[in-house]
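In: Sequence and predicted structure, then a few things I'm wondering about:
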Amino acid sequence: MAASRWCRFLIIFPCLLACQHARENESFVSRPTVSLDLPGIKKRGYLQAIIDNNSVSYFIYKGATMGYEYELLTRLADYLKVDLKIKVISGIEEAIHALNTGEGDVLAFPLTVTSDRTNYLSFTHAHYTTHQVLVQKKPANWRMQPPMVVEKKLIRSPEELIGKEVYVMKGSSFLQRMKNLSQEIGGGIIIREDSAGAETESLIRKVATGEIKYTVTDQTLAMVNALYYPNLDITMELSLPQQIAWGVRQNSPELLAVINDWLAKIKKSAVFQVIFNKYFNSPRFSLVNISSDYSSLASGKISPYDAQIKNGAKVLGWDWRLLASVVYQESNFDPGVKSWAGAVGLMQLMPETAKYFGFTNAWEPEQNIRAGVRFLKFLDDQWAKTITDPNERIKFVLASYNVGLSHVLDARNLANKYGKSPVKWNNNVEYMMLQKSDPKYYRDAVVAAGYCRCEGPVNYVKDVLQRYEEYKIHFR
């Protein structure tokens, strides 16, 4: 679908709190209090993104991190050649405050571009245009009634909202639009502000269950929720097209320029079209994401094996979400996976390794997890002899689980020889791991296991720990 056609369908969540409310909050920081632009971000090595946790932007599905905003951010980080870190904030006032105080570098909310908001941040080039829509419940037994009868029972013009209660987020752009609309039609719309801590999707749910009659939201969020609540009508537009963009600090012009360059390139690519279609033109995909037992949007479950993972985590003394991240990294929670080397099951164990730890059937999920936990416990016990910091030790254990204990011991010995810390992972033992493909290092007398192409285990540690941080956001 050409951009001129699909843009009018895409409406990503407008600002949750208006800037007028921000001015009333004395603690709100409206100007940058830190000076950090693209060179500093690259030197630091990661992009800190502020994002919302909802059914389109950012969520977990079957253990994998997903979302339209999230997928774009991962590609932006790759473009910048830095890692990506996520900070989840729901309220736009809090998010802008966090941006200006340095808690994030890019505000990856779908922000409605307004002249008022340019006082607080710099907008990237617009992603899309959008409309606000009225969310209302279809009449009872609507499936059994002729369409014309259903139509007559629904609001189809703004004037019909006179005397009606419409619930909106406190201080939101939806609130401002309803105030303006009320004036345009001569007044009379009863506008109810929900609490600042509430979420737009909670108001949509209240309409679906009959707790309230009307709310206002963006069209795309409404479309996704209407798949889950088919008794909702979302066809009445209440606004002119609105531009949607991300935001950066006003003193980050280099970051703004490079994001705009990246946007111009990716919007022309097939990759962008695939991402867009997945989240906004794939009703079945959206419905599965919302309703799945293993979606962070629907339940507190990561996988069908959470109970076994939690039991194993107790044995290790780990947060269960960390062990869940390991299992996902190994097998994507698929117990039928077999690697080219012969490792099998959820934790990708060699059958002989499982037998060594007392388990005869490495394909059986519970035995596989228990055997994997015993292997991790063995590695933890080994590293505990020299690494007392448990947070550091986890990195050594993960690397050893991935590539073998001997290669990590080699890297530790190299670190000690070349003036690095043998008990610190980042930029120390991690650095020496990456040198083990160089003959100067893998032929060193302190190296026992020889050559290793160790980008894999280094990335393994990074990926497991990053996913763990994401799991902590979504699951308890």
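Out: Here it is on my side, so go on.

In: All the strands of the stretch 301-450 of the chain, residue numbers only.
Out: Assigned by DSSP state E, counting those that start in this stretch, the stretch 301-450 of the chain shows no strands.

In: Point out where it drops to low pLDDT.
Out: Residue ranges of the stretch 301-450 of the chain with pLDDT under 70: none are present.

In: And residue 273, how close does it get to residue 218?
Out: Distance from residue 273 to residue 218, counting by Cβ to Cβ, to the nearest Å: 21 Å. The C-beta positions use only the backbone N, C-alpha and C, and glycine is treated the same way.

In: Specify which residue of these two has the higher count of neighbours.
Out: residue 218 (26 against 17; other Cβ atoms under 10 Å).

In: Let's see the pLDDT reported for that one.
Out: On pLDDT, residue 218 comes in at 87.

In: so it makes contact with residue 130?
Out: Yes: assessed by Cβ atoms under 8 Å, residue 218 is found in contact with residue 130 at 5.6 Å.

In: and stretch 261-272, which residues are buried?
Out: If you call a residue buried by 16 or more other Cβ atoms under 10 Å, then stretch 261-272 has these buried ones: 262-263, 266, 272.

In: Start and end of that stretch, how far apart?
Out: For stretch 261-272, the first-to-last residue distance is 14 Å (Cα to Cα, to the nearest Å).

In: Now do residue 295, the pLDDT please.
Out: For residue 295, the predicted pLDDT is 76.

In: Distance-wise, check it relative to residue 60.
Out: 7 Å.

In: Of the two, give the one with the bigger neighbour count.
Out: Counted by other Cβ under 10 Å, residue 295 and residue 60 do not tie: residue 60 has more neighbours, with 25 against 20.

In: Return the residues in contact with the residue nearest to that one when sequence neighbours are not counted.
Out: Distances taken as Cβ to Cβ, 6 or more residues apart in numbering put residue 296 closest to residue 60, at 4.1 Å, once the chain neighbours are dropped. Residues in contact with residue 296 (Cβ atoms under 8 Å, 6 or more residues apart in numbering) are 53, 59-61, 474-475.

In: which of these are buried?
Out: 53, 59-61, 474-475.

In: could those go into CSV alongside pLDDT, secondary structure and distance to residue 106?
Out: Formatted as CSV, these follow (pLDDT from 0 to 100; DSSP: H, G, I helix; E, B strand; the rest coil; distance: Cβ to Cβ, whole Å):
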residue, pLDDT, secondary structure, distance to residue 106
53, 81, coil, 16
59, 88, strand, 19
60, 88, strand, 21
61, 83, strand, 23
474, 87, helix, 21
475, 91, coil, 25
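
In: Out of the residues you listed, which is nearest to residue 439?
Out: residue 60 (42.7 Å; Cβ to Cβ).

In: What separation do you get for the most centrally placed residue in the chain and residue 475?
Out: What sits nearest the mean C-alpha location of the chain, by Cα atoms, centre = their mean, is residue 58, with 3.6 Å. Look at residue 58 and residue 475: by Cβ to Cβ, they are 14 Å apart.

In: Shouldn't residue 48 be within a strand?
Out: Yes: assessed by DSSP: H, G, I helix; E, B strand; the rest coil, residue 48 belongs to a strand.

In: pretty sure it is touching residue 103, no?
Out: Yes: the pair residue 48 / residue 103 is scored as a contact, 7.1 Å apart, by Cβ under 8 Å.

In: Show me which of these two is the more surrounded one.
Out: Higher neighbour count among residue 48 and residue 103: residue 48, with 20 against 15, using other Cβ under 10 Å.

In: and that one, what are its bridge partners?
Out: residue 85 (DSSP bridges).

In: Return the distance of it relative to residue 96.
Out: Counting by Cβ to Cβ - residue 48 and residue 96 are separated by 15 Å.

In: My read is that residue 56 contacts residue 279, right?
Out: Yes: in this structure, residue 56 is within contact of residue 279 by Cβ under 8 Å, at 5.8 Å.
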